[in-house]
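Undergrad: Have a look at this fold, sequence not included:
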DNA sequence: CTTTTTAGTATAACCCACATACAGTTGCCT
DNA sequence: AGGCAACTGTATGTGGGTTATACTAAAAAG
């Protein structure tokens, strides 16, 4: 032992950062971390995260289950790497014109799209701080687009964490609706309406007056743009940021 | 069959709403849905959600595993009911003075506290729309505190969904930090600092300039109030709502 | 007293993550 | 050359998980 590593990271995470030297000895590996991640992601895309088991991934790659553990410390580690792979490279916001608000707006939409496209990743619980290249890449571009503002570093970080949380919640909500419609067989557009019918049965007007007012207003029966909620929440939050930016200017 | 039920709900969910008639025949039940939920919650509180298995719950109640399935359709159903039980009754906001903003602030803090107190519920994925009594109760009181505002029903609902999502994310973040410190053995206060050390090693200044600026600023090394982030995000969002409210007045 | 409905049991099928021991392969060092 | 050391993938097994199915015993209804 030469020196302490400070805080230890899982070996596979260091591997995706390219911090891992190739061992010289031993037989040539027929497998690779990339192939494992790719195989696992393929299963998740096709059949959902529930279909991803170590055994299944191994069979698809033509190896035994335990072979995977030469590259990955645990299934949880693999899930983190799958998520990172699915995120992919962040969008290049510098190329686009417009101030910080336009940049962040684009950033949020891009994040929403990625998460909706690969909605299996929303079912993977967040394990803690981000430590993988693409995740940090997204954070980086978001922070960068706040570079011109008078916000201090702490505020910038808070903005990005709150925004990414907001987007994740919205994506999860959309994905839940998707599952719900798939499970009940209702058309996707009518999901809120059929939910409204359920609520009417459960929530008595005496105990739930405000909720009943919402139902009675019919907003859940009208089909509007699916992104209305997202836009509303996003604009409110950005308005709040803009207020602070102006105060500090 | 007499009539269609419209949308079908799991039997156990109807049971907690009190929509279930008692059957007359058969032996007297020694078990009850309440006891099962209570037992499961007790395990989760003491040892985390990972310790909750059908077998474990059954053993604690002195019955066999399969006995639980007379009351609960699946483990997922039980998890939903556990969550509802942990939420408990929503706070009474009408008792407090102040406008909608004070009410929502109190609502958010209360929600944060509940979720941090029973952080195991943050590890249970949200299954879709809320359908349980306490969850709808929280939504109800939140909506009610927006009653005086000129927002339309759709906007009110959007505000509440966004807010509850925001609080959940913040609570999850706090819980993740907790797990992280427990796992690495570092003091709770130094978790962000030790994370900063990891980032310094991974994120090169060339590729991650903005991120490095944050690290270099030392904001992650200073211990500040743990709720700073929460307050910041909350105030920004509420500022955004307030702007809209004034516009519509 | 018989029939019907229900509560809890017993058993087992099937899947899962992962530990451990092993066999075969490759390069390094002497 | 030859042995050592390191490494890759395999084989097998353990202990856990959810839940289907078939059952026994109990209670009420006719």
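TA: Thanks, I have the structure now. Please read all numbers here as calculations on a predicted model, not as lab measurements. Numbers count the residues shown, from 1 in each chain, chains lettered A, B, ... in the order given.

Undergrad: Could you chop chain A up by domain?
TA: A:11-86, A:88-248 (automatic domain parsing).

Undergrad: among those domains, which gets the worst mean confidence?
TA: Mean pLDDT is lowest for domain A:88-248 out of those, coming in at a mean of 92.

Undergrad: ok so, going back, right, so of the domains of chain A, which gets closest to DNA strand C?
TA: Each of the domains of chain A was scored for nearness to DNA strand C using CB to the nearest atom of the strand, and the closest is domain A:11-86 (3.4 Å). All C-beta spots, glycine's among them, are computed from the backbone N, C-alpha and C.

Undergrad: Do that closest one and DNA strand D come into contact?
TA: Yes - using CB under 7 Å from any atom of the strand, domain A:11-86 reaches DNA strand D at A:23, A:25-31, A:58, A:63-67, A:70-71.

Undergrad: Weed out the non-buried ones from the residues you listed.
TA: Using 16 or more other CB atoms under 10 Å in any protein chain shown as the burial test, those include A:31, A:58, A:63, A:67, A:71 as buried.

Undergrad: Tabulate those (CSV), appending secondary structure and distance to residue A:195.
TA: Formatted as CSV, these follow (DSSP: H, G, I helix; E, B strand; the rest coil; distance: CB to CB, whole Å):
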residue, secondary structure, distance to residue A:195
A:31, coil, 45
A:58, helix, 40
A:63, coil, 45
A:67, helix, 45
A:71, coil, 43
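
Undergrad: Just give me the longest helix of chain A.
TA: helix A:153-184 (DSSP state H).

Undergrad: DNA strand C contacts on chain A?
TA: Counting by CB under 7 Å from any atom of the strand, chain A comes close to DNA strand C at A:24-28, A:52-56, A:65-66, A:69, A:74-76.

Undergrad: Assign whichever residue of chain A sits closest to DNA strand D to one of the three secondary structure states.
TA: Residue of chain A nearest DNA strand D, by CB to the nearest atom of the strand: residue A:26 (2.7 Å). Under DSSP: H, G, I helix; E, B strand; the rest coil, the three-state class of residue A:26 is coil.

Undergrad: got a list of what it touches?
TA: Residues near residue A:26 by CB atoms under 8 Å, 6 or more residues apart in numbering or on different chains: none.

Undergrad: most centrally placed residue in chain A?
TA: The residue lying closest to the centre of chain A (CA atoms, centre = their mean) is residue A:115, at 4.8 Å.

Undergrad: Hey, what's the angle from the host helix or strand of that residue to helix A:153-184? Just curious.
TA: Using DSSP states H and E, residue A:115 maps to helix A:100-117. Interaxial angle of helix A:100-117 relative to helix A:153-184 (axes from the mean of the first three to the mean of the last three CA atoms, to 10 degrees): 30 degrees.

Undergrad: Counting by contacts, list what the next helix or strand after helix A:100-117 packs against.
TA: Using DSSP H and E, the helix or strand that follows helix A:100-117 towards the C-terminus is helix A:133-144. Helix A:133-144 sits against helix A:75-87, helix A:100-117, helix A:153-184, helix B:191-202, helix B:209-217, with contacts defined as 3 or more CB pairs under 8 Å, 6 or more residues apart in numbering or on different chains; DSSP states H and E.

Undergrad: quick one, which of those helices is nearest to residue B:153?
TA: Closest approach to residue B:153 among the helices and strands packed on helix A:133-144 is made by helix A:153-184 (17.9 Å; CB to CB).

Undergrad: before we move on, the earlier item: distance of the residue of chain A closest to DNA strand D from chain B?
TA: Separation of residue A:26 from chain B (CB to the nearest CB, to the nearest Å): 27 Å.

Undergrad: deepest of the domains of chain A, which one?
TA: domain A:88-248 (a mean of 18; mean count of other CB atoms under 10 Å in any protein chain shown).

Undergrad: Contact partners for the residue nearest to the centre of chain A?
TA: Residue A:115 makes contacts with A:121, A:122, A:167, A:168, A:171, as judged by CB under 8 Å, 6+ apart.

Undergrad: re earlier: format the helices and strands packed on helix A:133-144 as TSV; extra columns: distance to residue A:17.
TA: Shown next, in TSV, are those (distance: least, CB to CB, whole Å):
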stretch	distance to residue A:17
helix A:75-87	10
helix A:100-117	21
helix A:153-184	21
helix B:191-202	6
helix B:209-217	14
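
Undergrad: how about the ones you listed, which one is nearest residue B:226?
TA: The closest of the helices and strands packed on helix A:133-144 to residue B:226 is helix B:191-202. By CB to CB, the value is 10.1 Å.

Undergrad: okay, the angle between the closest one and helix A:153-184?
TA: Comparing the axes of helix B:191-202 and helix A:153-184 via the same axes, to 10 degrees yields an angle of 90 degrees.

Undergrad: and the angle for helix B:191-202 with helix A:133-144?
TA: Calculated by the same axes, to 10 degrees, helix B:191-202 forms an angle of 110 degrees with helix A:133-144.

Undergrad: Counting by contacts, list what helix B:191-202 packs against.
TA: helix A:133-144, helix B:153-184, helix B:209-217.

Undergrad: ok, 6 Å please
TA: Applying 3 or more CB pairs under 6 Å, 6 or more residues apart in numbering or on different chains; DSSP states H and E, one finds that helix B:191-202 contacts helix B:153-184.

Undergrad: And the closest residue to residue A:244 other than its chain neighbours, which helix or strand is it part of?
TA: Spatial nearest neighbour of residue A:244, excluding adjacent residues (CB to CB, 6 or more residues apart in numbering or on different chains): residue B:236 at 6.7 Å. Under the criterion of DSSP H and E, residue B:236 resides in helix B:228-248.
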